[in-house]
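Student: Quick one: sequence and predicted model below, then my questions.
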Amino acid sequence: MADADDVRRVALALPSVTEIDSAGFDFRVGDRGFVWSYPERRSGGPRVIRTDIAVLFVGDEAEKQALLLGEPDLFFTTPAYDGLPLVLLRLAPVDTGRLEELVVDAWRMRAPSSIAEVVDGHEPRTLPGFDVRPG
C-alpha cells in the first residue's frame, strides 16, 4: 500500500529531481513533469488536489492503454487526459516496489538523456543514494 510520502521518497531519490510547491506533490526533471497529484476537476467548483492519486507520464498511447487494460484496479483515466501520454494511478492498492518501477520509468522518459544515462542499465535500488525505505 503506497501513499504520497512513498511517491515523494521515490521521486526525490532520483537524480536531478525538483519538487514544485503545490497542495500535493509535483516532481520535475529538467523542467519536465513526470509524476504529480491528481487535480480532480469537479463540476461547478475549483479543482481538488488528490494526493491519493498520482498522474504519471507513460510515454505514449500504447503504453497508456496497456496499463489501463492490464491493471484496471490500479490505473484509470478521465476525458481530460484523452490523447495525452498520462495515466492516473490509485496509490492505495499499489505496493511500493511497483510504485518505484512506475515512478522511475516516468522519470526515465522525461529526463534529459545526459541525466537518464545515470539510471540506464541499473536497477533503481542499486543506484548510489537510492533508498525508498521510510526515513
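Tutor: Thanks, I have the structure now.
Student: Direction included, what does whichever helix or strand L89 is part of pair against?
Tutor: If you go by DSSP states H and E, L89 is part of strand 86-90. When pairs are called by DSSP bridges, strand 86-90 turns out to pair with strand 48-57 (antiparallel), strand 75-76 (antiparallel).
Student: Report the mean confidence score over that strand.
Tutor: The average pLDDT for strand 86-90 rounds to 98.
Student: could I have that strand exported to PDB, CA atoms only?
Tutor: The C-alpha coordinates for strand 86-90 follow below in PDB (Å, rounded to 0.1, in the frame of the first residue of the first chain):
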ATOM      1  CA  LEU A  86      -0.600  10.300 -18.900                       C
ATOM      2  CA  VAL A  87      -2.300   7.800 -16.700                       C
ATOM      3  CA  LEU A  88      -3.900   8.100 -13.200                       C
ATOM      4  CA  LEU A  89      -2.700   5.700 -10.500                       C
ATOM      5  CA  ARG A  90      -4.600   4.800  -7.400                       C
END
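Student: Show which residues not belonging to it make contact with it.
Tutor: By C-beta atoms under 8 Å, 6 or more residues apart in numbering, the list of residues contacting strand 86-90 from outside reads 38, 52-58, 64, 67-68, 73-78, 81, 99, 102. For the C-beta atoms, the positions are set from N, CA and C on the backbone; glycine is no exception.
Student: let's go with 10 Å and repeat that
Tutor: Residues outside strand 86-90 that contact it (C-beta atoms under 10 Å, 6 or more residues apart in numbering) are 2, 7, 33, 35-36, 38, 40, 50, 52-59, 63-68, 71, 73-78, 80-81, 98-99, 102-103, 106.
Student: same question, stretch 15-23
Tutor: 8, 10-12, 25-31, 33-37, 39, 47-51, 103, 107, 111-112, 114-119, 127-130.
Student: Where do the helices of this protein begin and end?
Tutor: 4-12, 61-70, 96-110, 113-116 (DSSP state H).
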